[in-house]
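**Student:** Kindly generate the corresponding structure for this input.
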Amino acid sequence: MKMRLSVLVVLTLLVGALAIAACTDTAGLHTNSSDGNGDEDCEEGYEFNPQLDECVESEEDNSTFNTTLPDPSQLEPWGDEASDGIPNQYDNCPFHYNPDQTDTSGDGVGDVCDNCPHLANPDQAASPDNPVWPDRYDANGEPMLMGDACVPGNEYVDDVSDSSGDGVPDVMDNCPDHFNPPLTAGCSCPAGDPYCEACWCQCPDDQYPCDGCAQLDSSGDGVGDACDVCPDHYNPNQTTSPGNPTWPDRLDGNGNPIVMGDACSPEPGNIPICATQDTEFELLEPNVYIMLDISGSMSWAVDGSTNPPAGQSRWELALDGLELMADDLHDEVRFGIGSFPAPGSSCSPGFAHLLNMGDHSAQALKNEFNALSPNGGTPMYIGLDDIHSGNLYNDPGDPLDAQRIKTILLVTDGEPNCDPYGDWGAGAVNNVVDKLTEIYSDGIPVFVLGFAHNTASLASYAEAGGTDEHFLADDAQSLADAMRDVADLLISCSYSLDPIPEDSNKIWISVDGDYLDPSQYSYDHSENVLTLNDAACDQVRSIDADMLQLEIKMGCASQCVAEQPQGLCDLYYETCGEPYPCDECSPEICDGQDNNCSGVIDDNCPECSIFEAPCQSSSDCCEPFICNEEGFCDHDCYPSGTTCLSNDRCCSGVCAIPSGSEVGSCIDG
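**Tutor:** Residues are numbered from 1 along each chain as shown. Reported below is the predicted structural model:
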């Protein structure tokens, strides 16, 4: 796609051509434009032409070029005025030799005679005072006037005006009134590329903008950072309300401080509020699946002796800690419970799922813990595999399940055995590490708590499970404390909002009357979840729930009024935040598409379909074309005796082409 058309090239070549003409002395036609009135130096019978900047032969009306061109309709339809093998009635430039019939703009006028070859303008309108093409000629052999559609400065093709002087035309500039050049400016244009300028050549096929050659737009809303009222928030509508503060160090195109947009204003101020929510909203508790090691070693003492006093075995101490945890966390965390090995077994079955994930009372949790007793081996791999394959950390009946944080908490007092692959020692540890890596790759972190046990394998498990460091405990309180530490890492201040905000950019949170900075929270519209960051969450947690005054205000949606695109190729045009339905932007051609994003399909094209355009019947096609079997406007057959090319259809015969020639004649076959 060539976005820059030929306007810049035209200006450059035109200046060069006129400069050469001003210094040329041919056939006695002297020029002298230095005084702005060269006609005083013209010889008799000649007059000064300001467009050519030289003397020309006097005519009745030589103030402009003679724009009266031969009329193609007066030609013999089956003749070949240009001797290019194309019958006059089918030739898109009947007075110019162009056997290839190239028509870049698709307007039915071939490039060699088109006064705007890169823009569709089938009417070929050209005002007498238009500049001329420096190296192109009309059917009279005169320098060809530029068509009105592509004259420099014409609004229809103004991809040149650059109000900010940053190298990006206004119609493609995401801040047309601000100097904000592309991130990568300047390069060497490929030889012979008339469309390339500045950094455009870094983009494939001159498609601007492209990666590495685009104006900064951090929020991706089509408004550049230089003029965006909220540069870090997606807010294509750029709404601002009276009373919003101004940016301390940012100015608009007129040099005035930029007013903060509604999307990033630190306080609602005068912005209309449509909903308010207080501390009645629900905390999104995490899902924690506790995987308990109840192997035979849990009946030992903390120091490893195998016959501890009553109440001092590892399991008895851990059970006391689990009960403390149940009292502390049952209303903050949703739990599931499993053990390895299964109660009453040694290695097989290696794991028992005891309690489905969900909201449980402290007593319900204690009942599960108290029903367990140490026995058997340590089939750690089998337990992890069963939890993972069964997705036991999920709660299918929970409508908020997809939004919750999910994790596994592994509590163990020894090294794994009962390995399903028959490995022991380091081999069994490596298998567990591989399984933890697989689980974490699915987005489920695994916390590791060593009870009366601390070896290098625990650190390996924590790293593979994505939690980096393991926890240690050797009595009831330290186990309960470690589980609280895990819970604090998981419990985030995430809330479902009711009602769903009308405008996700307009949400404000006040804590005890002071508004949090917008950077301290985020809102996921797809999940309807508002989340405070760690610092804000800690601030809320530090306040007694009975004393906490927390309020969420949700602004009303801004009214949007759709507008029409303003330029030839307004790549950043938005209709109420939605991209304009125009995949790419290029000069308009007559192909049934809105190429130039003007909102009009085939604007300035003939009402009938031209050569190779889609059609349903021959009545759709411009004369003399017909609708072929493939559904495209095509040439009709050529009668006997007319010139033809090898792929032309002769009505009653074939196209006979002499040896060594490209052009033949239709003969009866």
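**Student:** What separation is there between the residue nearest the centre of the chain and D232?
**Tutor:** Of all residues in the chain, the one closest to the mean position by C-alpha atoms, centre = their mean is G220, 7.4 Å from it. Distance, G220 to D232, by C-beta to C-beta, to the nearest Å: 11 Å. Just so you know, the C-beta spots here come from the backbone N, C-alpha and C atoms, and that holds for glycine as well.
**Student:** just checking, L69 touches D138?
**Tutor:** Yes: using C-beta atoms under 8 Å, L69 is in contact with D138, at 5.9 Å.
**Student:** Pick out whichever of the two has more residues nearby.
**Tutor:** Ranked by neighbour count (other C-beta atoms under 10 Å), L69 and D138 place D138 first, with 22 against 15.
**Student:** ok, the closest residue in space to G465 that isn't next to it in sequence - contacts?
**Tutor:** Take G465 and drop its neighbours on the chain: the residue closest to it by C-beta to C-beta, 6 or more residues apart in numbering is V446, 3.1 Å away. Neighbouring residues of V446 by C-beta atoms under 8 Å, 6 or more residues apart in numbering: 384, 407-410, 436, 439-440, 461-462, 464-467.
**Student:** I would like a PyMOL command selecting only the buried ones among the residues you listed, please.
**Tutor:** The buried subset of the contacts of V446, as determined by 16 or more other C-beta atoms under 10 Å, is captured in PyMOL by this line:
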select buried, resi 384+407+408+409+410+436+439+440+461+462+464+465+466+467
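**Student:** Return the closest of the contacts of V446 with respect to D252.
**Tutor:** D252 lies nearest to G466 out of the contacts of V446, by C-beta to C-beta, at 46.4 Å.
**Student:** Distance of that closest one relative to F451?
**Tutor:** In terms of C-beta to C-beta, G466 sits 21 Å off from F451.
**Student:** With A557 instead?
**Tutor:** Distance, A557 to F451, by C-beta to C-beta: 54 Å.
**Student:** and S665, helix, strand or coil?
**Tutor:** Put simply, S665 is strand when judged by DSSP: H, G, I helix; E, B strand; the rest coil.
**Student:** Model confidence for it, exactly?
**Tutor:** Looking at S665, its pLDDT stands at 81.
**Student:** just checking, M146 touches W133?
**Tutor:** Yes: look at M146 against W133 with C-beta under 8 Å: they come within range, at 6.2 Å.
**Student:** Let's verify the nearest residue to Y137 once chain neighbours are set aside: helix, strand, or coil?
**Tutor:** Nearest residue to Y137 in three dimensions, chain neighbours excluded: M144, at 5.7 Å (C-beta to C-beta, 6+ apart). The three-state assignment at M144 reads strand, by three-state DSSP.
**Student:** got the contact list for M144?
**Tutor:** M144 makes contact with C113, N115, V132, W133, R136, Y137, D138 under the criterion C-beta under 8 Å, 6+ apart.
**Student:** Look up how far A139 lies from the closest residue to the second one other than its chain neighbours.
**Tutor:** This points to N115. Among residues not flanking N115 along the chain, G147 sits closest, at 3.7 Å (C-beta to C-beta, 6+ apart). Per C-beta to C-beta, G147 is found 15 Å from A139.
**Student:** residues contacting D401?
**Tutor:** D401 is in contact with N287, N394, D395, counting by C-beta under 8 Å, 6+ apart.
**Student:** rerun that using 6 Å as the cut-off
**Tutor:** N394, D395 (C-beta atoms under 6 Å, 6 or more residues apart in numbering).
**Student:** What of C227?
**Tutor:** C227 makes contact with C175, H178, according to C-beta under 6 Å, 6+ apart.
**Student:** cool, the one 4 residues further on as well?
**Tutor:** When contacts are counted by C-beta under 6 Å, 6+ apart, P231 touches S218, D225.
**Student:** related to what we said a few turns ago, what would the contacts of M144 look like in a markdown table with distance to S305?
**Tutor:** Listed next are these as a markdown table, based on distance: C-beta to C-beta, whole Å:
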| residue | distance to S305 |
| --- | --- |
| C113 | 104 |
| N115 | 102 |
| V132 | 106 |
| W133 | 102 |
| R136 | 103 |
| Y137 | 108 |
| D138 | 109 |
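**Student:** So D481: helix, strand or coil?
**Tutor:** helix.
**Student:** Quick check: bridge partners of the residue lying closest to it once chain neighbours are set aside?
**Tutor:** Nearest residue to D481, sequence neighbours excluded (C-beta to C-beta, 6+ apart): A473, at 7.5 Å. Beta-bridge pairing of A473, defined through DSSP bridges, involves F451.
**Student:** What is the neighbour count of A473?
**Tutor:** Counted by other C-beta under 10 Å, the residues lying close to A473 total 22.
**Student:** who's more crowded, G147 and A139?
**Tutor:** For G147 versus A139, the count of surrounding residues by other C-beta under 10 Å is larger for G147: 23 against 18.
**Student:** quick one, phi psi at the more buried one?
**Tutor:** Torsion angles at G147 (phi, psi; degrees, to the nearest 10) stand at phi -70, psi 150.
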